[in-house]
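Undergrad: Fold the stuff below for me.
(2 chains)
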Protein chains: 2
Amino acid sequence: MSQRIYLAGPEVFLRDPESIFEAKRAICRRYGFKGVSPLETHLESDGRPRSEVGWMISRANEQCMRSCDLLIANLTPFRSPSADPGTAFELGFMRALGRPVLGYTNVDSTLVARMTTYCGGKLPRRGGNGELEDLDGLLVENFGLVDNLMLQGAVVSSGFHLEVVAAAPDKRFTDLLGFQRCVQQAADALQREDPAHPQEAFST
Amino acid sequence: MSQRIYLAGPEVFLRDPESIFEAKRAICRRYGFKGVSPLETHLESDGRPRSEVGWMISRANEQCMRSCDLLIANLTPFRSPSADPGTAFELGFMRALGRPVLGYTNVDSTLVARMTTYCGGKLPRRGGNGELEDLDGLLVENFGLVDNLMLQGAVVSSGFHLEVVAAAPDKRFTDLLGFQRCVQQAADALQREDPAHPQEAFST
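TA: Here you go, the predicted structure:
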């Protein structure tokens, strides 16, 4: 049976999320995986209070993640210099379950570079020790990473590397090159683990 | 032995994180818990490349979370209309381990209200169905919640409610009333589970 990949990312917020999830599922199929979108669960939410619907979706997504074997997160900066916090939550969730987590971003810059822009072009230095701060005096992580170290660290600890793509601005949430490279990484890892049973991608 | 509470939140980025963590630990002690800060792990990082230091901290924090019994997350909006993605990651991590997760925010407003400000005072309506969008055409969740439904949903599924405090703007990352209320919630839950062994807070 195909391994199931949970498709985490802010594309649930797009106007036509189904078309992007279908494109992601098609890529997964090509490599012998089954892509699973958080939108696949049908919820009977008619007539319930809005907050109740929120809890239902939350529980359904948690259950869906538990049914999956690995996760690929779209960590493209979202309404901020960093990734969508819902996606970050899901990345942590699957990481804690010990399942492989992979990720990509469609913006090719470091967190420090984006924070510099966010702070108007220059980051203040923290007194004496040369660390960087934002305008509220909060430290800006300066490890040369693409985003918060917990996010990228989880991918690295899973044995993978974050895929970074410089997508066209109007394709920021829809470009799938980074996603495809993640699926390729997952397929390669699976083949290394079990060379006798290569994924479909390697037998065609 | 005291239950261990992982202290998740962006206060690691403050200029004096130790004083806030010490204040949090003191509150935990009053209720019979042991507060555990992610900064407590000593890392031998001298001479390592910056990114390596990032991975070391990530692994140490993951290990620290696994050693804790529950988590209280500071979900105060951080450099965006939403919570810090590192904190969101940690919330998801502990939730997946099945350990109780609690949370608070020091900004008393809904996600929709903050997104309205973020978009310049008005949120576009998505064609026909009346849903709300941001200026990139991405859906704005409208469940009357304080933040992304995965974050608040995890707290609710744990049997708790998110503590919301309208802190003074200059105390946004340091006000501890919401934190204290979370510790109180955790203590109450523990007492309900095991009324024969109430926490210290109830015996003094």
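Undergrad: For chain A, give me the ranges with low pLDDT.
TA: The model of chain A has pLDDT under 70 over residues A:195-204.
Undergrad: what ranges do the helices span in it?
TA: A:17-30, A:50-66, A:85-96, A:111-118, A:149-157, A:177-193, A:200-203 (DSSP state H).
Undergrad: Most tightly packed of these?
TA: Of all those, helix A:85-96 has the most neighbours on average by mean count of other CB atoms under 10 Å in any protein chain shown, namely a mean of 29. All C-beta spots, glycine's among them, are computed from the backbone N, C-alpha and C.
Undergrad: okay, the helices of chain A in a markdown table with distance to chain B next?
TA: Shown next, in a markdown table, are the helices of chain A (distance: least, CB to the nearest CB, whole Å):
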| stretch | distance to chain B |
| --- | --- |
| helix A:17-30 | 9 |
| helix A:50-66 | 2 |
| helix A:85-96 | 3 |
| helix A:111-118 | 7 |
| helix A:149-157 | 2 |
| helix A:177-193 | 17 |
| helix A:200-203 | 29 |
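Undergrad: So which of these is nearest A:Gly9?
TA: Nearest to A:Gly9, of all the helices of chain A, is helix A:85-96, at 5.5 Å by CB to CB.
Undergrad: As PDB, could you dump the C-alpha coordinates of that closest one?
TA: What follows is helix A:85-96, C-alpha atoms only, in PDB (Å, rounded to 0.1, in the frame of the first residue of the first chain):
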ATOM      1  CA  PRO A  85       1.600  28.900  12.400                       C
ATOM      2  CA  GLY A  86      -1.000  26.300  11.500                       C
ATOM      3  CA  THR A  87       1.500  24.600   9.300                       C
ATOM      4  CA  ALA A  88       4.200  24.900  11.900                       C
ATOM      5  CA  PHE A  89       1.800  23.300  14.400                       C
ATOM      6  CA  GLU A  90       1.300  20.400  12.000                       C
ATOM      7  CA  LEU A  91       5.000  20.000  11.400                       C
ATOM      8  CA  GLY A  92       5.600  19.700  15.100                       C
ATOM      9  CA  PHE A  93       2.700  17.300  15.400                       C
ATOM     10  CA  MET A  94       4.100  14.800  12.900                       C
ATOM     11  CA  ARG A  95       7.700  15.300  14.100                       C
ATOM     12  CA  ALA A  96       6.600  14.300  17.600                       C
END
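Undergrad: for it, packing partners?
TA: Applying 3 or more CB pairs under 8 Å, 6 or more residues apart in numbering or on different chains; DSSP states H and E, one finds that helix A:85-96 contacts strand A:4-8, helix A:50-66, strand A:70-74, strand A:101-105, helix A:149-157, helix B:50-66, helix B:85-96, helix B:149-157.
Undergrad: at 7 Å what do you get?
TA: strand A:4-8, helix A:50-66, strand A:70-74, strand A:101-105, helix A:149-157, helix B:85-96, helix B:149-157 (3 or more CB pairs under 7 Å, 6 or more residues apart in numbering or on different chains; DSSP states H and E).
Undergrad: Spatially central, which residue of chain A would that be?
TA: Closest to where the C-alpha atoms of chain A average out (CA atoms, centre = their mean) is A:Ala73, at 1.6 Å.
Undergrad: For that residue, list each beta-bridge partner.
TA: A:Ala73 has these beta-bridge partners by DSSP bridges: A:Ala8, A:Gly103.
Undergrad: shouldn't it be in contact with A:Gly103?
TA: Yes - look at A:Ala73 against A:Gly103 with CB atoms under 7 Å: they come within range, at 4.2 Å.
Undergrad: between those two, what contacts are shared?
TA: Both A:Ala73 and A:Gly103 are contacted by A:Leu91, under the criterion CB atoms under 7 Å, 6 or more residues apart in numbering or on different chains.
Undergrad: hang on, the earlier thing: so which of the helices of chain A gets nearest B:Leu145?
TA: helix A:50-66 (5.3 Å).
Undergrad: Could you list every helix and strand in contact with that closest one?
TA: Checking 3+ CB pairs under 7 Å, 6+ apart, helix A:50-66 ends up next to helix A:85-96, helix B:149-157.
Undergrad: 6 Å - rerun?
TA: If you count contacts as 3 or more CB pairs under 6 Å, 6 or more residues apart in numbering or on different chains; DSSP states H and E, helix A:50-66 packs onto helix B:149-157.
Undergrad: Do any residues in the helix it packs on lie close to chain A?
TA: Yes - counting by CB under 6 Å from any CB of the partner chain, chain A is contacted by helix B:149-157 at B:Leu149, B:Met150, B:Leu151, B:Gly153, B:Val156.
Undergrad: which of these sit farthest apart?
TA: B:Met150 and B:Val156 (10.9 Å).
Undergrad: Can you work out which residues contact both of the two?
TA: The overlap between the contact sets of B:Met150 and B:Val156 (CB atoms under 6 Å, 6 or more residues apart in numbering or on different chains) is empty.
Undergrad: Give the residue farthest from the middle of chain A.
TA: Chain A, farthest from centre, CA atoms, centre = their mean: A:Gly128 at 36.0 Å.
Undergrad: Pretty sure A:Pro124 sits against A:Glu133.
TA: Yes - counting by CB atoms under 6 Å, A:Glu133 is a contact partner of A:Pro124 at 4.8 Å.
Undergrad: neighbour-wise, which of those two wins?
TA: A:Glu133 (18 against 13; other CB atoms under 10 Å in any protein chain shown).
Undergrad: quick one: the more buried one from A:Arg125, how far?
TA: 7 Å (CB to CB, to the nearest Å).
Undergrad: any idea how far A:Val156 is from B:Ser109?
TA: A:Val156 is 35 Å from B:Ser109, by CB to CB.
Undergrad: got it, and A:Tyr104?
TA: 32 Å.
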